[in-house]
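Trainee: Take a look and give me a structure for this.
(one chain, ligands or ions: 1)
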Amino acid sequence: MKYCKKCKRVYQDEMEYCTSCRSRKPLLPLTDSSTPVYLTSADGFERERIQTALTDNGIPNDSVIVEEDIMPASVKGYSSSWRDILVPYSAYDKAYDICVGIGAVKLEGEEKIIDEEPPAEEFEDMPPAKRTTVKILSAILFIIVAALIIFGTDAITGFIKGLFH
Ligand SMILES: [Zn+2]
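Mentor: Down below sits the predicted model:
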């Protein structure tokens, strides 16, 4: 594995240059397992959440302010507390799994690409049990609406007639 000395991102050996920052320097081989490497970026509570999860799992970690010129355009101006979270290379895989586990990984263009699912509708995000409940509720609602249409008209007509009697 290789890494970028500037932004600390990890790359496969066949990569020559960092694709994340504008560093012209070639990637360096990762020989020391204690080298801090880039895990993910986050700010505010999300960063605290990730770092707490890492610490809880015995992974040393640090967060550094993202340099202005390596900050993605989309992030600029969004938050000044945006930081890169770094972990020792030896703990990288474990740290990555933890981030996946807590749903905190938003890596782009890294050697580990998460299967980006197309934005699902809320219904799809629900656990199966809840989905069933929604189906049942929809069915009940449908019956109620159907009943209102069938019987409601008579009832309303009866009520109106009653008013004028
Ligand atoms: Zn870089």
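Trainee: Contact partners for Ile144?
Mentor: By C-beta atoms under 8 Å, 6 or more residues apart in numbering, no residues touch Ile144. C-beta: built from backbone N, CA, C; applies to glycine.
Trainee: starting at the chain centroid, how far to the helix or strand where it lies?
Mentor: Using DSSP states H and E, Ile144 sits within helix 128-147. On the basis of C-alpha atoms, centre = their mean, to the nearest Å, helix 128-147 sits 31 Å off its chain's mean C-alpha point.
Trainee: so after that helix, what's the next helix or strand?
Mentor: Using DSSP H and E, the helix or strand that follows helix 128-147 in sequence is helix 153-164.
Trainee: and that following helix, average pLDDT?
Mentor: For helix 153-164, mean pLDDT rounds to 77.
Trainee: Using the three-state scheme, assign Arg22.
Mentor: Secondary structure state of Arg22, per DSSP: H, G, I helix; E, B strand; the rest coil, is coil.
Trainee: Apologies, that question was intended for Thr31.
Mentor: coil.
Trainee: List phi and psi for it.
Mentor: phi -100, psi -30 (degrees, to the nearest 10).
Trainee: State the number of residues packed around it.
Mentor: 9 (other C-beta atoms under 10 Å).
Trainee: Quick check: it vs Leu148, distance?
Mentor: Thr31 sits at a distance of 74 Å from Leu148 (criterion: C-beta to C-beta, to the nearest Å).
Trainee: Do you know the pLDDT at Ala139?
Mentor: Listed pLDDT for Ala139 reads 90.
Trainee: Tell me how many other residues crowd it.
Mentor: Ala139 has 10 neighbours, counted by other C-beta under 10 Å.
Trainee: Quick check: residues of the protein near the ion?
Mentor: Cys4, Lys6, Cys7, Cys18, Ser20, Cys21, Ser23 (C-beta under 5 Å from the ion).
Trainee: In three-state terms, label the fourth one for me.
Mentor: Of the three states, Cys18 takes coil under three-state DSSP.
Trainee: Sounds good, over and out.
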